[in-house]
Each structure stands twice: as C-alpha cells, then as structure tokens.
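Student: Pasting the sequence and the predicted coordinates here, then a few questions.
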Amino acid sequence: MFKNKSNIIWAVVIGGVIVGGFWWINYTKTAPNIYDSFAQCLGDKGAKFYGTFWCPYCNKQKAMFGSSAHRLPYVECSTADRKNQLPVCRDKNITGYPTWEFADGSRENGVVELKKLAEKTGCELPAKQ
C-alpha cells in the first residue's frame, strides 16, 4: 500500500490534521462562551427574537452572541421557500426583522445592542474578556 517511509509519515500527518480539524470544529461549537448565560437569561425573562434565516440583520444580531446564538429565544418567521411568513409571526403582527418583543409587551426593531437588551430584561451583560 505504502511504497516508502515518507508516504507513511505523510498519511499519518494528513490523518492527524483531519482528526484535529473535526475536534476543533466540535470544540468551538460546544466550548463555553461569555454570552451563554446572558442569551439564556433573555429567554428566561420573557424576551423573544423574531427573525428569518435569510435576513442579514438577523444574522448580524446572532453573530453578536457568537457560539451562544443557539441559546437565544429565537423564533423563525419564514417558510423554507422565503415566500411566506409563518403563523406564529403573522399572529404576533411581526412586520420587520429582527423584532425583539419583551415581557412588558414592548418591542425593538432592527439590530439591538446588547446593552439595550440587558436594560430591557434586567439580564446581566458580561464584561468582555
């Protein structure tokens, strides 16, 4: 299979890089992020983030949370074909994305700064590290 020692070494190196790459991808998805508890708290305090998978502003809002974005109280509003709004958002009269709705019934439209989300919910915003 391998004709000489250098081919074996290259096969081991390439295999190690592939295994290491898979480990790194998995680690970065599951590693704790400073915004984990903040994102979780937003939902615990009754906030909801309405958006669509195709909305660049929604994606910018999610990016502000890094790997903690999956902890956000996110509600998808778009059908898979991007042509219609799902009933959960239509019933709430969501007309733009992103829309944040808070426990007191107030709303903020567009990308909302983390400090403002903290003020609206009482959630503690972690200090940047």
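Tutor: Received the coordinates, thanks.

Student: give me the element residue 120 is part of.
Tutor: Element membership for residue 120 (DSSP states H and E) is helix 114-121.

Student: How about residues contacting that helix?
Tutor: 35, 38, 41-42, 45-47, 64, 100, 102-103, 106, 108, 123-125 (Cβ atoms under 8 Å, 6 or more residues apart in numbering). C-betas here are computed from N, CA, C, even on glycine.

Student: what's the answer for stretch 42-53, then?
Tutor: So stretch 42-53 is in contact with 57-58, 61-62, 71-78, 82, 89, 92, 94, 97-103, 117, 120-123, going by Cβ under 8 Å, 6+ apart.

Student: from these, which ones fall inside strands?
Tutor: 74, 75, 76, 99, 100, 101 (DSSP state E).

Student: what are the bridge partners for the residue nearest to the fourth one when sequence neighbours are not counted, then?
Tutor: It refers to residue 99. Leaving aside its sequence neighbours, residue 99 sits nearest to residue 50 (Cβ to Cβ, 6 or more residues apart in numbering; 4.5 Å). For residue 50, the beta-bridge assignment (DSSP bridges) gives partners residue 75, residue 99.

Student: Many thanks, I have nothing further to ask.
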